[in-house]
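Undergrad: pasting the structure only:
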(Lines give C-alpha, C1' and ligand atoms only; values in the text may rest on other atoms or scores of the structure.)
Protein backbone atom coordinates (compact mmCIF):
# COMPACT_ATOMS: atom_id res chain seq x y z
CA UNK A 1 0.00 0.00 0.00
CA UNK A 2 1.43 3.36 -1.02
CA UNK A 3 -0.63 5.58 1.30
CA UNK A 4 1.33 6.72 4.36
CA UNK A 5 -1.30 8.73 6.22
CA UNK A 6 -5.04 9.27 6.44
CA UNK A 7 -6.20 12.87 6.35
CA UNK A 8 -8.82 12.91 9.06
CA UNK A 9 -10.18 16.44 9.52
CA UNK A 10 -8.02 18.19 12.10
CA UNK A 11 -5.69 15.18 12.29
CA UNK A 12 -3.25 13.38 10.00
CA UNK A 13 -3.09 9.74 11.07
CA UNK A 14 -0.20 7.48 10.17
CA UNK A 15 -1.25 4.36 8.27
CA UNK A 16 2.23 3.41 7.17
CA UNK A 17 2.43 -0.35 6.53
CA UNK A 18 4.28 -2.07 9.33
CA UNK A 19 3.17 0.25 12.13
CA UNK A 20 0.74 -0.79 14.84
CA UNK A 21 -2.85 -0.44 13.62
CA UNK A 22 -4.98 2.39 14.91
CA UNK A 23 -7.70 1.44 17.38
CA UNK A 24 -11.15 2.92 16.78
CA UNK A 25 -13.36 2.78 19.85
CA UNK A 26 -17.11 2.26 19.40
CA UNK A 27 -19.32 4.72 21.29
CA UNK A 28 -22.98 4.01 20.60
CA UNK A 29 -25.50 6.49 21.98
CA UNK A 30 -28.42 4.22 21.20
CA UNK A 31 -30.89 2.17 23.25
CA UNK A 32 -30.73 -0.85 20.94
CA UNK A 33 -27.24 -1.52 19.54
CA UNK A 34 -26.43 -5.22 19.47
CA UNK A 35 -23.67 -5.17 22.10
CA UNK A 36 -23.77 -2.04 24.25
CA UNK A 37 -27.21 -0.63 23.48
CA UNK A 38 -28.43 1.65 26.27
CA UNK A 39 -25.15 1.67 28.21
CA UNK A 40 -24.14 5.16 27.07
CA UNK A 41 -27.48 6.62 25.97
CA UNK A 42 -27.29 9.45 28.52
CA UNK A 43 -24.81 12.20 27.60
CA UNK A 44 -22.89 12.09 30.89
CA UNK A 45 -22.33 8.33 30.59
CA UNK A 46 -21.22 8.67 26.96
CA UNK A 47 -18.71 11.39 27.90
CA UNK A 48 -17.40 9.25 30.75
CA UNK A 49 -17.00 6.30 28.38
CA UNK A 50 -15.10 8.46 25.89
CA UNK A 51 -12.78 9.65 28.66
CA UNK A 52 -12.11 6.02 29.62
CA UNK A 53 -11.36 5.13 25.98
CA UNK A 54 -8.84 7.97 25.82
CA UNK A 55 -7.18 6.75 29.01
CA UNK A 56 -7.08 3.26 27.50
CA UNK A 57 -5.17 4.47 24.42
CA UNK A 58 -7.86 4.84 21.77
CA UNK A 59 -6.81 6.48 18.48
CA UNK A 60 -10.25 7.36 17.03
CA UNK A 61 -13.67 7.59 18.72
CA UNK A 62 -16.55 6.42 16.52
CA UNK A 63 -19.92 7.86 17.59
CA UNK A 64 -23.10 6.14 16.44
CA UNK A 65 -26.68 7.23 16.93
CA UNK A 66 -28.48 4.47 15.03
CA UNK A 67 -28.27 0.74 15.57
CA UNK A 68 -27.58 -1.21 12.38
CA UNK A 69 -27.95 -4.69 13.84
CA UNK A 70 -30.06 -6.99 11.70
CA UNK A 71 -33.81 -6.38 11.80
CA UNK A 72 -33.76 -2.97 13.50
CA UNK A 73 -35.89 -0.26 11.80
CA UNK A 74 -34.27 3.05 10.76
CA UNK A 75 -34.04 5.93 13.22
CA UNK A 76 -35.69 9.22 12.16
CA UNK A 77 -33.27 11.99 11.22
CA UNK A 78 -34.27 14.28 14.08
CA UNK A 79 -33.77 11.51 16.63
CA UNK A 80 -30.31 10.63 15.33
CA UNK A 81 -29.25 14.28 15.43
CA UNK A 82 -30.60 14.59 18.97
CA UNK A 83 -28.50 11.62 20.03
CA UNK A 84 -25.15 12.41 18.41
CA UNK A 85 -24.78 16.17 18.10
CA UNK A 86 -24.51 17.02 21.83
CA UNK A 87 -21.82 14.35 22.20
CA UNK A 88 -19.81 15.60 19.21
CA UNK A 89 -19.86 19.14 20.62
CA UNK A 90 -18.94 17.86 24.09
CA UNK A 91 -15.95 15.87 22.78
CA UNK A 92 -14.72 18.14 19.98
CA UNK A 93 -11.71 19.26 22.06
CA UNK A 94 -10.89 15.86 23.60
CA UNK A 95 -7.65 15.55 21.64
CA UNK A 96 -8.72 12.52 19.60
CA UNK A 97 -10.28 12.36 16.12
CA UNK A 98 -14.06 12.02 16.23
CA UNK A 99 -15.78 9.79 13.69
CA UNK A 100 -19.52 9.79 13.08
CA UNK A 101 -21.10 6.48 12.07
CA UNK A 102 -23.99 7.52 9.79
CA UNK A 103 -25.37 7.06 6.29
CA UNK A 104 -27.57 10.19 6.33
CA UNK A 105 -26.16 13.20 4.43
CA UNK A 106 -27.91 15.62 6.77
CA UNK A 107 -26.18 14.10 9.79
CA UNK A 108 -22.87 14.18 7.93
CA UNK A 109 -23.25 17.93 7.27
CA UNK A 110 -24.16 18.77 10.86
CA UNK A 111 -21.34 16.62 12.24
CA UNK A 112 -18.79 18.31 10.00
CA UNK A 113 -19.98 21.73 11.16
CA UNK A 114 -19.31 20.51 14.71
CA UNK A 115 -15.73 19.50 13.77
CA UNK A 116 -16.20 15.76 13.29
CA UNK A 117 -13.01 14.45 11.72
CA UNK A 118 -14.27 11.33 9.96
CA UNK A 119 -17.46 10.00 8.37
CA UNK A 120 -17.96 6.23 8.65
CA UNK A 121 -20.77 5.22 6.28
CA UNK A 122 -22.09 1.64 6.28
CA UNK A 123 -23.87 2.43 3.01
CA UNK A 124 -20.71 3.38 1.13
CA UNK A 125 -21.91 6.98 0.56
CA UNK A 126 -24.60 5.78 -1.84
CA UNK A 127 -27.43 7.90 -0.45
CA UNK A 128 -28.35 10.83 -2.74
CA UNK A 129 -26.27 13.81 -1.66
CA UNK A 130 -23.85 11.85 0.54
CA UNK A 131 -20.72 12.54 -1.53
CA UNK A 132 -21.77 16.19 -1.97
CA UNK A 133 -22.15 16.48 1.82
CA UNK A 134 -18.53 15.50 2.47
CA UNK A 135 -16.47 16.24 -0.62
CA UNK A 136 -15.49 19.81 0.27
CA UNK A 137 -14.43 18.98 3.82
CA UNK A 138 -11.10 17.57 4.98
CA UNK A 139 -12.73 14.69 6.86
CA UNK A 140 -11.56 11.12 6.55
CA UNK A 141 -14.10 8.95 4.74
CA UNK A 142 -14.61 5.26 5.44
CA UNK A 143 -16.37 3.47 2.59
CA UNK A 144 -18.06 0.26 3.72
CA UNK A 145 -19.67 -2.56 1.77
CA UNK A 146 -23.12 -3.76 2.76
CA UNK A 147 -25.34 -6.14 0.82
CA UNK A 148 -28.99 -5.21 1.25
CA UNK A 149 -30.27 -3.13 4.19
CA UNK A 150 -29.89 -3.64 7.95
CA UNK A 151 -33.47 -4.87 8.23
CA UNK A 152 -32.92 -7.75 5.81
CA UNK A 153 -29.17 -8.07 5.17
CA UNK A 154 -28.69 -11.32 7.11
CA UNK A 155 -31.55 -13.17 5.44
CA UNK A 156 -29.57 -15.66 3.35
CA UNK A 157 -26.93 -13.37 1.76
CA UNK A 158 -25.67 -14.77 -1.55
CA UNK A 159 -22.52 -14.09 -3.61
CA UNK A 160 -20.88 -15.83 -6.54
CA UNK A 161 -17.49 -14.69 -5.20
CA UNK A 162 -17.69 -12.55 -2.08
CA UNK A 163 -14.11 -11.27 -2.28
CA UNK A 164 -14.38 -10.22 -5.92
CA UNK A 165 -17.82 -8.66 -5.47
CA UNK A 166 -16.89 -6.68 -2.37
CA UNK A 167 -13.69 -5.51 -4.08
CA UNK A 168 -15.61 -4.39 -7.18
CA UNK A 169 -18.14 -2.49 -5.08
CA UNK A 170 -15.47 -0.66 -3.10
CA UNK A 171 -13.51 0.13 -6.26
CA UNK A 172 -16.62 1.68 -7.84
CA UNK A 173 -17.22 3.84 -4.76
CA UNK A 174 -13.58 4.96 -4.72
CA UNK A 175 -13.93 5.94 -8.37
CA UNK A 176 -17.04 7.96 -7.52
CA UNK A 177 -15.01 9.92 -4.99
CA UNK A 178 -12.20 10.37 -7.49
CA UNK A 179 -14.69 11.78 -9.98
CA UNK A 180 -15.89 14.21 -7.30
CA UNK A 181 -12.35 15.47 -6.78
CA UNK A 182 -11.83 14.00 -3.32
CA UNK A 183 -8.19 13.47 -2.35
CA UNK A 184 -7.15 9.81 -2.18
CA UNK A 185 -5.50 10.31 1.21
CA UNK A 186 -8.91 10.99 2.81
CA UNK A 187 -10.24 7.53 1.94
CA UNK A 188 -10.22 4.16 3.67
CA UNK A 189 -12.21 0.99 3.02
CA UNK A 190 -14.20 -1.48 5.11
CA UNK A 191 -15.33 -4.86 3.72
CA UNK A 192 -18.32 -4.77 6.05
CA UNK A 193 -17.96 -7.85 8.20
CA UNK A 194 -21.43 -8.98 9.27
CA UNK A 195 -23.29 -6.67 6.90
CA UNK A 196 -25.03 -8.98 4.47
CA UNK A 197 -22.55 -11.84 4.85
CA UNK A 198 -22.70 -15.38 6.16
CA UNK A 199 -20.06 -16.73 8.53
CA UNK A 200 -18.27 -18.26 5.54
CA UNK A 201 -18.36 -14.96 3.64
CA UNK A 202 -16.91 -13.10 6.63
CA UNK A 203 -13.97 -15.45 7.02
CA UNK A 204 -13.30 -15.49 3.28
CA UNK A 205 -12.98 -11.71 3.48
CA UNK A 206 -10.79 -11.89 6.58
CA UNK A 207 -8.45 -14.40 4.87
CA UNK A 208 -8.24 -12.07 1.86
CA UNK A 209 -7.66 -8.81 3.71
CA UNK A 210 -4.21 -8.42 2.20
CA UNK A 211 -5.62 -8.93 -1.32
CA UNK A 212 -8.25 -6.22 -0.76
CA UNK A 213 -5.59 -3.77 0.40
CA UNK A 214 -3.26 -4.52 -2.50
CA UNK A 215 -6.03 -4.23 -5.09
CA UNK A 216 -7.57 -1.00 -3.80
CA UNK A 217 -4.34 0.55 -2.45
CA UNK A 218 -6.12 2.09 0.53
CA UNK A 219 -6.01 1.64 4.31
CA UNK A 220 -8.49 -0.98 5.50
CA UNK A 221 -10.72 -0.78 8.57
CA UNK A 222 -11.72 -4.10 10.14
CA UNK A 223 -14.75 -4.18 12.42
CA UNK A 224 -15.44 -7.64 13.83
CA UNK A 225 -15.73 -6.91 17.55
CA UNK A 226 -18.19 -9.23 19.34
CA UNK A 227 -20.01 -10.08 16.09
CA UNK A 228 -21.77 -13.35 15.35
CA UNK A 229 -18.83 -14.48 13.21
CA UNK A 230 -16.85 -14.64 16.48
CA UNK A 231 -19.60 -16.55 18.26
CA UNK A 232 -19.89 -19.00 15.39
CA UNK A 233 -16.28 -20.11 15.91
CA UNK A 234 -16.01 -19.87 19.68
CA UNK A 235 -19.53 -20.92 20.61
CA UNK A 236 -19.57 -18.05 23.11
CA UNK A 237 -22.47 -15.64 23.76
CA UNK A 238 -22.17 -11.92 23.12
CA UNK A 239 -20.74 -11.05 26.53
CA UNK A 240 -17.99 -13.68 26.28
CA UNK A 241 -16.44 -12.81 22.91
CA UNK A 242 -13.52 -10.67 24.03
CA UNK A 243 -10.81 -13.27 23.37
CA UNK A 244 -12.29 -14.17 19.99
CA UNK A 245 -12.58 -10.52 19.04
CA UNK A 246 -8.93 -9.92 19.89
CA UNK A 247 -8.00 -12.97 17.82
CA UNK A 248 -9.89 -11.51 14.86
CA UNK A 249 -8.20 -8.13 15.37
CA UNK A 250 -4.76 -9.72 15.32
CA UNK A 251 -5.61 -11.79 12.24
CA UNK A 252 -6.66 -8.61 10.41
CA UNK A 253 -3.61 -6.71 11.63
CA UNK A 254 -1.29 -9.48 10.44
CA UNK A 255 -2.71 -9.02 6.94
CA UNK A 256 -2.25 -5.26 6.95
CA UNK A 257 -5.48 -3.77 8.33
CA UNK A 258 -4.58 -0.31 9.65
CA UNK A 259 -7.71 0.52 11.67
CA UNK A 260 -9.34 -1.94 14.07
CA UNK A 261 -12.84 -0.97 15.26
CA UNK A 262 -13.65 -2.41 18.69
CA UNK A 263 -15.76 -2.21 21.82
CA UNK A 264 -12.93 -3.30 24.14
CA UNK A 265 -10.30 -0.61 23.70
CA UNK A 266 -7.85 -1.31 26.54
CA UNK A 267 -7.57 -5.03 25.84
CA UNK A 268 -7.20 -4.52 22.07
CA UNK A 269 -4.55 -1.81 22.49
CA UNK A 270 -2.56 -4.11 24.78
CA UNK A 271 -2.87 -7.07 22.41
CA UNK A 272 -1.83 -5.04 19.37
CA UNK A 273 1.10 -3.48 21.22
CA UNK A 274 2.44 -6.90 22.22
CA UNK A 275 1.79 -8.32 18.75
CA UNK A 276 3.58 -5.40 17.11
CA UNK A 277 6.53 -5.58 19.50
CA UNK A 278 6.96 -9.23 18.57
CA UNK A 279 6.95 -8.67 14.84
CA UNK A 280 10.47 -9.29 13.51
CA UNK A 281 9.81 -8.07 10.01
CA UNK A 282 6.80 -5.92 9.11
CA UNK A 283 6.07 -6.81 5.52
CA UNK A 284 4.77 -3.96 3.34
CA UNK A 285 1.45 -4.45 1.66
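TA: Okay, I see it. Just so it is clear, the structure is predicted and the values come from calculations on it, not from any experiment. Numbers count the residues shown, from 1 in each chain.
Undergrad: Name the nearest residue to residue 196, ignoring sequence neighbours.
TA: residue 147 (2.9 Å; CB to CB, 6 or more residues apart in numbering). The way it works is simple: take the backbone N, C-alpha and C, and place the C-beta from them, glycine included.
Undergrad: Give me the neighbour count for that neighbour.
TA: 19 (other CB atoms under 10 Å).
Undergrad: where do the helices sit along the chain?
TA: Assigned by DSSP state H, the chain shows helices spanning 43-55, 77-91, 105-113, 130-134, 162-179, 199-207, 209-216, 228-234, 242-254, 265-277.
Undergrad: Just put those helices in JSON lines and tack on distance to residue 15 and mean neighbour count.
TA: Formatted as JSON lines, these follow (distance: least, CB to CB, whole Å; neighbours: other CB atoms under 10 Å):
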{"stretch": "helix 43-55", "distance to residue 15": "20", "mean neighbour count": "16"}
{"stretch": "helix 77-91", "distance to residue 15": "23", "mean neighbour count": "18"}
{"stretch": "helix 105-113", "distance to residue 15": "21", "mean neighbour count": "20"}
{"stretch": "helix 130-134", "distance to residue 15": "19", "mean neighbour count": "20"}
{"stretch": "helix 162-179", "distance to residue 15": "16", "mean neighbour count": "17"}
{"stretch": "helix 199-207", "distance to residue 15": "19", "mean neighbour count": "18"}
{"stretch": "helix 209-216", "distance to residue 15": "10", "mean neighbour count": "18"}
{"stretch": "helix 228-234", "distance to residue 15": "24", "mean neighbour count": "18"}
{"stretch": "helix 242-254", "distance to residue 15": "12", "mean neighbour count": "20"}
{"stretch": "helix 265-277", "distance to residue 15": "14", "mean neighbour count": "17"}
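Undergrad: Which among these is found nearest to residue 23?
TA: helix 265-277 (5.4 Å; CB to CB).
Undergrad: contact partners of that closest one?
TA: By CB atoms under 8 Å, 6 or more residues apart in numbering, the residues outside helix 265-277 that reach it are 19-21, 23, 25, 52-53, 56-58, 242, 245-246, 249-250, 253-254, 260, 262.
Undergrad: Please tabulate the helices of the chain in TSV, including the columns mean pLDDT and distance to residue 13.
TA: As requested, the helices of the chain are exported to TSV (pLDDT from 0 to 100; distance: least, CB to CB, whole Å):
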stretch	mean pLDDT	distance to residue 13
helix 43-55	95	15
helix 77-91	96	17
helix 105-113	98	17
helix 130-134	98	17
helix 162-179	98	18
helix 199-207	97	23
helix 209-216	97	16
helix 228-234	97	26
helix 242-254	98	16
helix 265-277	97	15
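Undergrad: mind checking which of those helices is nearest residue 141?
TA: Closest among the helices of the chain, using CB to CB: helix 130-134, at 6.0 Å.
Undergrad: so what secondary structure elements neighbour that closest one?
TA: Packing contacts for helix 130-134, counted by 3 or more CB pairs under 8 Å, 6 or more residues apart in numbering; DSSP states H and E, involve helix 105-113.
Undergrad: Recalculate using a threshold of 10 Å.
TA: Contacting helix 130-134 under the criterion 3 or more CB pairs under 10 Å, 6 or more residues apart in numbering; DSSP states H and E are the following elements: helix 105-113, strand 118-121, strand 140-144, helix 162-179.
Undergrad: Which residues does it contact?
TA: 102-112, 118-119, 121, 123-125, 127, 139-141, 173, 176-177, 179-180, 182, 186 (CB atoms under 10 Å, 6 or more residues apart in numbering).
Undergrad: how does it look with 8 Å?
TA: Helix 130-134 is contacted from outside by 103, 105-106, 108-109, 112, 119, 121, 123, 125, 141, 176-177, 180, 182, using CB under 8 Å, 6+ apart.
Undergrad: Considering those residues, which is situated nearest to residue 225?
TA: Distances from residue 225 to the contacts of helix 130-134, taken as CB to CB, are shortest for residue 121 (18.4 Å).
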